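Compute the structure for the input listed below.
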Amino acid sequence: MKNLIVAIGAISVAAGLLPAQRARHVSVVWPERLAVGMRQGTQLPPLMVEATKTGWVTISFFSTRPDEGLNLPASRMIAQARDVKLWVARSRRLLETPDSATSPGSTSLGNGAYQLEIQRPRYRPQSPLFSWRACGPGYGTAGPATAELLDFLALLDSAATMAGEGEGRPPTLSRPYYASEVSCSARASADNVRPGAPLRASAPEIAAQFVVDTSGLVELLSIRFLAATSPVLANAARAAIRNWHFQPAEIDGTPVRQLVQTTVPFAARPLGRFADGSQIGAEGTADGWVHVFRVSGVNGELLQQWFDPDSIDAWLARVWRRDPRANEPPVDTAVLLQGHFPIGPRSGVSITGSVMRNPDHSLEMIAGFNGCAGAFNEGGQRVGQGEIFADAARQARAGHQPPIDPTGRLYDARNVACPAWLPWTRSRISGFERVWRYPVAPYPASMRPTNARADVLVSFVVDTSGAAEPNSIVVMGGSDPRAAAAVPTALAELRYRPATRSGYKVRQRVIQTLRFEPPPVCLDLKAGPACPRRYSPN
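Numbers count the residues shown, from 1 in each chain. Predicted structure coming up:
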């Protein structure tokens, strides 16, 4: 979920469609999804199994970590019914063979980057292991009981039977797939270069859509930008995107074309002063605030917050409340700085400052960040004796005093501490209390005859109550017109956590992909999410 500052106007839906998209809207009929069953075991993560009459079985793992709600859910695993049948048979033999010396050590399912594996370690054959590897670095392991694994295998076996037990219908190259349709989405190369900001042009992140082919290259004629995007910025972004490379999307190991919907960040401006050897820095801003930040990760992600200069001075005074010249025991005093006024740990970034005595009896301050959802602490780094914070407070007062109230302004994601995000919802079904689901857009009736799907890239403003402002909606041109027409209704039903800056709720321009996906057909009392009163833990 990213942000963009563009001219606010009525909803914009371009009529021109990519050739493949024109054909898709008229003639393509998506395969019906059959919800075979959903379960939550003692050790296995919550999951749902689906089948299609085109020979495919889909396994969707549900999240139990709602604090990661800033991102869309990961892709599902998709496997051919034939391969699922074979894996189930091998796994059953592995689990039911009492003598581990004569049984295979492991069995795996997956013909690509997404893999499932059952192991029976020789050093403890009665304790099987279940592992899953998602696309990219994702990985997990559990130690379920044999009975729990056999129950999972029975569910897969049933799905493979419903899918026809044979080979899946080969993926098509006649149209690009949406990210929600593939096993693994196209993954950008770390070497892709951000466009440079053109001279005298403000450069927020802008929204882009393009097709990545089966070799990982961008199809040049497919590059599009949201309406109202500055032509200067669009041209600079287009020049960079043309040279980007990707790991191509795949369905069960077969490369496919994918419609990529993303934001294009421009080269970041130089940040303020850093402490020596530290990734933590601070700067005074022209509107009178102290911007404190930490750069992390290979792509330079920011944890950041804005503070009133007075709160910075008060924080430093608390951190240094002991005389550094006194011959006292080592100091370990955690002092929390939480913005212009105290805010809860789930309301925004907070910074912890502590003091330690070095071997030479000098004192140093350590500052550590806690994230927006309260789910992580990035740790601390030494920042000397805090000079960068004091200097930034003086700089902020010189620019403007007192700080300008942020509640009346419109921001993008780079200028808020916590961006607006769509919170996951907890299942209210008995036996599935740990299941959290990402909200999806209501499926429009106009798409039901063809069972169609659509991922629609949209830009809109989220106000301080968490609602999307109707007059701010801009839809990516070339989107499925049925889904595009449903965007205002979908956004009216969704409620976001509003963005925060210095502890205040603020308006923010959001760029997000809305997913329009038909619900699966429920086959029995334990089928899945389309039967909300029929969940079963077994």
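
what helices or strands is the longest strand seen in the chain leaning on?
For the chain, the strand that runs over the most residues, judged by DSSP state E, is strand 504-516. For strand 504-516, the contact count by 3 or more Cβ pairs under 8 Å, 6 or more residues apart in numbering; DSSP states H and E identifies strand 410-411, strand 454-462, helix 481-493, strand 499-501 as packing neighbours. Heads up, the C-betas are built off the backbone N, CA and C, glycines and all.

Could you measure from residue 390 over to residue 313?
In this structure, residue 390 and residue 313 are separated by 7 Å, where distance is defined by Cβ to Cβ, to the nearest Å.

To residue 169, which of the helices and strands packed on strand 504-516 lies closest?
Closest to residue 169 of the helices and strands packed on strand 504-516, according to Cβ to Cβ: strand 454-462, at 20.7 Å.

What segments of the stretch 51-200 of the chain are strands?
All strands of the stretch 51-200 of the chain, identified by DSSP state E, counting those that start in this stretch, fall at 56-61, 77-80, 106-109, 115-119, 129-133, 139-142, 187-188.

Residues contacting the fourth one, please?
With Cβ atoms under 8 Å, 6 or more residues apart in numbering as the test, strand 115-119 has contacts from 59, 77, 87, 91, 94-95, 105-110, 128-133, 149.

centre of the chain versus it, how much separation?
Averaged C-alpha coordinates place strand 115-119 at 25 Å from its chain's average position (Cα atoms, centre = their mean, to the nearest Å).

what lines up beside it in the sheet?
Based on DSSP bridges, the strands next to strand 115-119 in the sheet, each with its direction, are strand 106-109 (antiparallel), strand 129-133 (antiparallel).

Now tabulate those in a markdown table and tack on mean pLDDT.
Conversion of these to a markdown table gives the following (pLDDT from 0 to 100):
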| stretch | mean pLDDT |
| --- | --- |
| strand 106-109 | 91 |
| strand 129-133 | 89 |
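
With distance to residue 356 and mean neighbour count as extra columns, can I get the ones you listed in JSON lines?
As requested, the strands paired with strand 115-119 are exported to JSON lines (distance: least, Cβ to Cβ, whole Å; neighbours: other Cβ atoms under 10 Å):
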{"stretch": "strand 106-109", "distance to residue 356": "47", "mean neighbour count": "19"}
{"stretch": "strand 129-133", "distance to residue 356": "40", "mean neighbour count": "18"}
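
Columns distance to residue 142 on top of those strands, output as TSV?
Formatted as TSV, the strands paired with strand 115-119 follow (distance: least, Cβ to Cβ, whole Å):
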stretch	distance to residue 142
strand 106-109	14
strand 129-133	5
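
Of the ones you listed, which is nearest residue 521?
strand 106-109 (24.0 Å).

C-alpha coordinates for that closest one, CSV please?
Below are the C-alpha coordinates for strand 106-109, written out as CSV (Å, rounded to 0.1, in the frame of the first residue of the first chain):
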residue,chain,number,x,y,z
SER,A,106,11.1,-36.7,2.8
THR,A,107,8.5,-35.9,0.1
SER,A,108,7.9,-32.5,-1.5
LEU,A,109,5.1,-30.9,-3.5
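
Out of the strands of the stretch 51-200 of the chain, which is the most enclosed?
Taking mean count of other Cβ atoms under 10 Å as the contact definition, the stretch among the strands of the stretch 51-200 of the chain with the greatest mean neighbour count is strand 77-80, which reaches a mean of 26.

what about the stretch 351-500 of the chain, any weak spots by pLDDT?
Applying pLDDT under 70 to the stretch 351-500 of the chain flags residues 357-363, 373-379, 426-438, 440.

ok, which stretches of it are strands?
363-370, 377-382, 410-411, 425-426, 436-437, 454-462, 474-475, 499-501.

I'd like these laid out as CSV, including distance to residue 296.
Rendered in CSV, the data for those read as follows (distance: least, Cβ to Cβ, whole Å):
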stretch, distance to residue 296
strand 363-370, 9
strand 377-382, 6
strand 410-411, 21
strand 425-426, 29
strand 436-437, 25
strand 454-462, 25
strand 474-475, 31
strand 499-501, 19
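
Contacts only, for residue 281.
Residues near residue 281 by Cβ under 8 Å, 6+ apart: 271, 272, 273, 274, 275, 292, 293, 294, 295, 388.

go again using 10 Å as the cut-off
Taking Cβ atoms under 10 Å, 6 or more residues apart in numbering as the contact definition, residue 281 lies against 271-275, 291-295, 304, 383, 388-389, 392.

Now find how far off-centre the helix or strand following the longest strand of the chain is within its chain.
In the C-terminal direction, the helix or strand that comes right after strand 504-516 (DSSP states H and E) is strand 521-522. Here strand 521-522 shows a centroid-to-chain-centroid distance of 28 Å under the convention Cα atoms, centre = their mean.

And strand 521-522, what does it pack against?
The criterion is 3 or more Cβ pairs under 10 Å, 6 or more residues apart in numbering; DSSP states H and E, and the helices and strands that strand 521-522 contacts are strand 33-39.

what is the orientation angle of the strand it packs on with strand 56-61?
For the pair strand 33-39 and strand 56-61, the angle between their directions (axes from the mean of the first three to the mean of the last three Cα atoms, to 10 degrees) equals 40 degrees.
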